[in-house]
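Engineer: Sequence first, then the predicted structure:
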Amino acid sequence: MKNTGSVLQKAVALICVCLLLTMPVGAAYGENCTAGEMPIPGCDASYVVELTSGTVIYANNEHTKMYPASTTKLMTALLAIEHIEAGKGNLSDIIIFSEEAVYGIDRDTMHINISVGEKLTVEEVLYAILLPSANEACLGMAEYVAGSIPGFIAAMNARAGELGMANTHYVTANGLHDDNHYTTAYDMSLLMREVLKHDVLVRIMSTATYALPETNMSVARTLTNTNKCIQKGNEYYNEYVVCGKTGYTTPAGNTLVTYSEIGDQKYIAVFLKAAQGMTFSSTDKLMDYLAENVTLTKIENLIDFAVSVPVNGGESVIMAQPAVSFSVLTHVGDDFNTYRKEYSLINTVTLPVYAGDVVGTLSLYDGDTLVASVSMVSRANYGVTDDPGTGEIVTGDSGQSEQTAVPPDSEAPSEHESTASSASAEKKYGTFKKVFLRVLVVLLMCIVACVLIYGVVLVLSIRAYNRKKRMRREGEHDRSRDGGGSENASAPDGAAEKTEKEADKHDGE
């Protein structure tokens, strides 16, 4: 994977060519590789990485400053789409091209003949930037995003810094040559990683041709992608290449950044300063080789890579394992278990340690080639007394571990007797205090509950007693009234008739 020699050395005979081709291969894909298998990119600087495993397939002068040419436009497009996704604009926004945007480039460079005052949508300008590599389209986009071209250049350099592109400096928005406008193959891979996060840009770059509709100042135009690796029917067409961006100036030579997918393998390939056609040819041949000879293996059984880490101040240990499942890129037929494991771990840890705490890293090498790197973390809780559901280590005078690591989803281990040490005594005393306080709280809550219940019962009893007493008094009153009525009823009929007549007399009056 790692190339240590120049790829531009000329072979004086076919046998010499074969020998040169084998130089970077042995460490990359194991002992199953044979002479001349892996095609060597024909360019001055290159960087090829598989994203899922993080394996560097090939690298040559990857940190050497080179001229990017129109691969610069990846940064221009990135800033544009980030501007849109931040809610500061829309793909349907109209860009009106200024005189500075139209005539800010040499007319003998790549353009699509946009006129001053012509109106295109942001999406249409993105197609013009990424497919035919129109230079004036970049200047129009710069004014739209930042308000001015110098302001946009400043934003490009600031974003490069954020992405870790330490050896990159931008002077133009389109990549037209300037001695102070440079990047590296490695930096371009970082930029492409970020670009791939935006589906709109991937969709546009993977388009072979685009019909640009009629504008206020132009008839409809057809925009053709300059990336021959995605042009079906072209000699360099490769089914695995998803998208990419080309570039060319005389000082920069031919440049190409591509993204490819081979099953679950995902590759970024950066080739800088190549002769005509060599970027496409190198990409085509390398992707075909990788499809036939390389496989991606996902490591699920993490316990196979578990190791012990000493605890500070004793002979106890904690168990560490890879933080997550990871993938290893291997040559077909290789057994990754034979690869060299290198652990970089903390010398000793101090308790408590919680499950998931990082304690180092694991690097997996195929020969001299790094094929995987993953963080090592604690498998469980150790020395944590307030979480009995997980594993812990109790250190005593003997300095030996009382319990081993327990995976988070396993049952809690049974209790063991601690050694007669002051640390154990303190733990027991602390536990007793916690239990005692909990019992007191429970008793207090019971007492409060009993008082409340008694109070409710007492109130209900008083109310029932008062209700009965009131009903008894009302009953006595009713009986006294019923007694007076019976006397009137026993009066003679004549007296009653007399009383009725007197009442009639009073009514007439």
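Structural biologist: That came in fine, so what should we check first? Numbers count the residues shown, from 1 in each chain.

Engineer: surely V257 meets K73?
Structural biologist: No. Here V257 lies out of contact with K73, judged by C-beta atoms under 8 Å, at a distance of 10.1 Å. Heads up, the C-betas are built off the backbone N, CA and C, glycines and all.

Engineer: Tell me which of the two has more neighbours.
Structural biologist: Using other C-beta atoms under 10 Å as the criterion, V257 and K73 rank with V257 on top: 28 against 25.

Engineer: What strand or helix carries the more buried one?
Structural biologist: According to DSSP states H and E, V257 maps onto strand 253-262.

Engineer: Partner strands of that strand, with direction?
Structural biologist: Sheet neighbours of strand 253-262, with direction, are listed as strand 241-249 (antiparallel), strand 265-274 (antiparallel) (DSSP bridges).

Engineer: Rebuild these as CSV, extending it with distance to L351.
Structural biologist: Output for the strands paired with strand 253-262, formatted as CSV (distance: least, C-beta to C-beta, whole Å):
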stretch, distance to L351
strand 241-249, 49
strand 265-274, 41
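
Engineer: Would you reformat those strands as JSON lines and include mean neighbour count and distance to T209?
Structural biologist: Formatted as JSON lines, the strands paired with strand 253-262 follow (neighbours: other C-beta atoms under 10 Å; distance: least, C-beta to C-beta, whole Å):
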{"stretch": "strand 241-249", "mean neighbour count": "23", "distance to T209": "14"}
{"stretch": "strand 265-274", "mean neighbour count": "26", "distance to T209": "23"}
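
Engineer: Looking at these, which is nearest to V332?
Structural biologist: Nearest to V332 among the strands paired with strand 253-262 is strand 265-274; the distance by C-beta to C-beta comes to 12.2 Å.

Engineer: Helices of the stretch 1-150 of the chain, residue ranges please.
Structural biologist: Ranges of helices in the stretch 1-150 of the chain, per DSSP state H, counting those that start in this stretch, are 14-22, 26-29, 73-83, 99-103, 122-130, 135-146, 149-162.

Engineer: So which of those is nearest A275?
Structural biologist: Closest among these, once you apply C-beta to C-beta, is helix 14-22, at 16.2 Å.

Engineer: From P150, how far off is the spatially closest residue to A220 that is not a sequence neighbour?
Structural biologist: Using C-beta to C-beta, 6 or more residues apart in numbering and skipping residues adjacent in sequence, the residue nearest A220 is E214, 4.8 Å away. Remark: distance between E214 and P150 (C-beta to C-beta, to the nearest Å) = 33 Å.

Engineer: isn't S70 right next to S133, touching?
Structural biologist: Yes. S70 lies in contact with S133 (C-beta under 8 Å); the separation is 4.6 Å.

Engineer: joint contacts of these two?
Structural biologist: Listed as contacting both S70 and S133 by C-beta atoms under 8 Å, 6 or more residues apart in numbering are 110, 245-247.

Engineer: which parts of stretch 294-301 are buried?
Structural biologist: Buried residues in stretch 294-301, counted by 16 or more other C-beta atoms under 10 Å: 294-297, 299.
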